[in-house]
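1. have a look; sequence and predicted model below, questions after that.
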Amino acid sequence: MSCQTDVRVYLGRHKKLFENRLRYLKELAETETHCRRKGTGSGIANCFMDYKEDCDEYPIFGCEFINGSESSKKTCTNQVGSCGCIHAEFKTIHAFIIQNAECIINLDNVLYSVYSPCTSCANLISLCRIQDGSIDAVVHLIDTEHDMRGIDILRANGLLVMKVSDIQLDS
Ligand SMILES: [Zn+2]
Ligand SMILES: [Zn+2]
């Protein structure tokens, strides 16, 4: 595993599920976040389980978070790209690292995010890939137009980056 061809097959098989999950997360985040600027969310799905069982079982969705925190109520500046709130991807990676530290390193993961990761989050996600190869791919619903550098950083570090609408269905 940890081969991009396999991840592509996995994503093709579950395109609709990722799309639905991301739309659900977007709605949830827009209702629940304390960030004044926007609501977004991300999570991590494991594709190894899927292959292991050799069937079409649902991806294992987990480690899901929305952006912002309690402190956002007081600190969010509402500025594009620098409102100061904690990003959903950062919270996701933080939980994922704690989880991985407790067991055998969990390989073959896909990080899914409502918006494409910003430069800073892309560097953090890339670090996970460089250090232990734990994240293979990033899937997003909407491009973060004010910070498209994140996608370049992820790709330069060997991650497969796919907008969910561009995923080829597995036939
Ligand atoms: Zn904010
Ligand atoms: Zn970010």
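-> Yep, that arrived. Just so we're clear, the structure is a prediction, and the values are computed from it rather than from any experiment. Ligands and ions are numbered 1, 2, ... in the order given.
2. drop to CA atoms for contacts and neighbour counts, all remaining ones
-> OK.
3. now the helix or strand where Cys121 lies - C-alpha only, CSV.
-> Using DSSP states H and E, Cys121 falls within helix 119-132. Output of helix 119-132 as CSV, limited to C-alpha atoms (Å, rounded to 0.1, in the frame of the first residue of the first chain):
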residue,chain,number,x,y,z
THR,A,119,0.0,27.1,3.4
SER,A,120,0.5,26.6,7.1
CYS,A,121,-1.8,23.5,7.4
ALA,A,122,-0.2,22.1,4.2
ASN,A,123,3.2,22.2,5.8
LEU,A,124,1.8,20.5,8.9
ILE,A,125,0.2,17.7,6.8
SER,A,126,3.4,17.3,4.8
LEU,A,127,5.4,16.9,8.0
CYS,A,128,3.2,13.8,8.8
ARG,A,129,4.0,12.4,5.5
ILE,A,130,7.7,13.1,5.7
GLN,A,131,8.1,11.8,9.2
ASP,A,132,6.1,8.5,9.1
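4. that helix: which residues count as buried?
-> For helix 119-132, the neighbour count (16 or more other Cα atoms under 10 Å) marks Thr119, Ser120, Cys121, Ala122, Asn123, Leu124, Ile125, Ser126, Leu127, Cys128, Arg129 as buried.
5. point me to the residue of the chain nearest ligand 1.
-> At 3.6 Å from ligand 1, Cys35 is the closest residue in the chain, using Cα to the ion.
6. what pLDDT does the model give Leu107?
-> Confidence at Leu107, expressed as pLDDT, is 72.
7. looks to me like it is in a helix.
-> No: judged by DSSP: H, G, I helix; E, B strand; the rest coil, Leu107 forms no part of a helix; its state is coil.
8. that one contacts Gly133, correct?
-> Yes: Leu107 lies in contact with Gly133 (Cα atoms under 8 Å); the separation is 6.7 Å.
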